[in-house]
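S.K.: After the sequence you'll find the predicted model.
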Amino acid sequence: MTLAEYHTLRPVSTPAGRLFTKPGVRGAADPAYDLLARSLEAYGERALDLNPGAGRVTLALLGQGLQVRAVETSRAALRCLEASFGRAVEVVCGLPWEVEPGWADLVALVLPAHRGSRYVELSLLGAARALRPGGRLYLAGSKERGFESYFRLAQAMLGYGLLLKREGPLRAAVLEKEHPPPPLPAPWQSFTARVRGRTLRFAHLPGVFSAGKLDAGSALLLAHLPEEGLGRVLDLGAGYGALSLPLVGQAEALTLLEDDWPSVLSAQENLGEQACVLHSDVDEALTPQARFTTIVSNPPFHVGGTVVLESAAAFIEAAYARLERGGKFYLVANRFLPYEPLLLERFGRVRTLAEEGYKVLLAQRTG
Ligand code: SAH
């Protein structure tokens, strides 16, 4: 797959109409989205979709004749939503708990359970805050991923709730806002870790990759990077900046690319003026001529809980395209992930620098 193919939007037909999707975007063929789309009924005038992904539920809300605002965090998903809906939907890049209080008559939320309980709790609080008194929250999720306990939590925040549908492990419910929501807790968290001879503090929002601790794979990659000659460094899929913060003072310049908005905000918090952090689906936010001496990455292999290799394949393509001649691409991955053939095909040669649960691979651009 070429990068151009990766970035091409793909039409999908759903019972409610056509949507665009692309690799790495949640929710186009997800049965929880489908269930919520089929469970909704119009209520009031203004609806907020707090986890739209490719927009299945957004489309259902629009079909009910509601005015719709969709708050999304993924750059790739934002692009799909804009292409699918144009001006018919107000598409917003933002955090699900930073919503306009009392704006919505109806909120729809597919529980973002793969992002961990703190992110789900803050999303539910966001839903409770966004609703006007008497407004309704439509929820969907899987009982294998905590639906029952999140439903109880939502009832404690809002008020009366009714289970609407059960399909296999999936559930859909509706709740009514009967009392004011609890206050929003401070979302930021932080931890310290010893890396490359220094103790560093990492701050992050909930729901980001490897929250609360440095990922063991990322630590292994850092241990195999040289101290000198890094030049201009690109961090592809940067998360909260785990790979970049330790390189401050060692790299000539640091550029971080990240698809997920809470991760972008976390990386900006950690790196401040010392790096350029861009909200980007792979390398789309870079200027065409941007090139780097070193590229580091711990590529994603889950999207909404499902294993996908397309995003990692696009990372490899982008790494090749963005390296100067002689530049080096350091990648770390779980040992079971089949990245070597992709690297070999693109770079012609790949070296394994370490193999300890994870593997650190090095590919150099010679041509
Ligand atoms: N480098 C960080 C994060 C690694 S996890 C660390 O070592 O801790 C992979 C990261 O890639 C996640 O933060 C994920 O949000 C991001 N990501 C996933 N798909 C992406 C895409 N299409 N473009 C850019 N970043 C993406």
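M.R.: It's in. Residues are numbered from 1 along each chain as shown.
S.K.: what are the ranges of the strands in the stretch 51-200 of the chain?
M.R.: With DSSP state E, counting those that start in this stretch as the definition, the stretch 51-200 of the chain shows strands at residue ranges 67-72, 89-93, 104-110, 131-142, 161-167, 170-176, 189-195, 198-204.
S.K.: what's the most buried one of those?
M.R.: For the strands of the stretch 51-200 of the chain, ranked by mean neighbour count under the definition mean count of other Cβ atoms under 10 Å, the leader is strand 104-110 at a mean of 27. In this view, the C-beta of every residue, glycine as well, is placed from N, C-alpha and C.
S.K.: For the strands of the stretch 51-200 of the chain, please prepare a markdown table with the additional fields mean pLDDT and distance to residue 327.
M.R.: As requested, the strands of the stretch 51-200 of the chain are arranged in a markdown table below (pLDDT from 0 to 100; distance: least, Cβ to Cβ, whole Å):
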| stretch | mean pLDDT | distance to residue 327 |
| --- | --- | --- |
| strand 67-72 | 98 | 33 |
| strand 89-93 | 98 | 31 |
| strand 104-110 | 99 | 40 |
| strand 131-142 | 98 | 43 |
| strand 161-167 | 98 | 50 |
| strand 170-176 | 98 | 46 |
| strand 189-195 | 98 | 23 |
| strand 198-204 | 98 | 25 |
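S.K.: quick one: low-confidence parts of this structure?
M.R.: Applying pLDDT under 70 to the predicted model, the residue ranges of the chain that meet it are 303-307.
S.K.: Can you give me the domain assignment for it?
M.R.: Each structural domain of the chain that the record assigns through automatic domain parsing is listed here as a residue range: 3-176, 194-364.
S.K.: Nearest approach to residue 185 belongs to which of these?
M.R.: domain 3-176 (7.8 Å; Cβ to Cβ).
S.K.: Quick check: end-to-end length of that closest one?
M.R.: Terminal residues of domain 3-176 are spaced 45 Å apart (Cα to Cα, to the nearest Å).
S.K.: got the residues of the protein near the ligand?
M.R.: Proximity of the chain to the ligand is confined to 24, 76, 209-210, 215, 218, 237-239, 242-243, 257-260, 263, 280-282, 298, 300, 311 under the rule Cβ under 6 Å from any ligand atom.
S.K.: Just the ones of these in strands?
M.R.: Assignment to strands by DSSP state E places the following of the residues of the chain next to the ligand there: 257-258.
S.K.: Among the residues of the chain next to the ligand, which lie within helices?
M.R.: Taking DSSP state H as the definition of helices, these contribute 76, 218, 263, 311.
S.K.: Show me what the residue nearest the centre of the chain is bridged to.
M.R.: For the chain, the residue lying nearest the average C-alpha position, counting by Cα atoms, centre = their mean, turns out to be residue 260 (3.8 Å). Beta-bridge partners of residue 260, counted by DSSP bridges, are residue 74.
S.K.: check contacts around it.
M.R.: 73-75, 208, 239 (Cβ atoms under 8 Å, 6 or more residues apart in numbering).
S.K.: circling back to that earlier point, which one of the ones in helices among the residues of the chain next to the ligand sits in the busiest neighbourhood?
M.R.: Neighbours here mean other Cβ atoms under 10 Å. Within these, the largest count is held by residue 76, at 27 neighbours.
S.K.: Any figure for the gap between residue 335 and residue 262?
M.R.: Residue 335 sits at a distance of 28 Å from residue 262 (criterion: Cβ to Cβ, to the nearest Å).
S.K.: Thanks again, I'm all set now.
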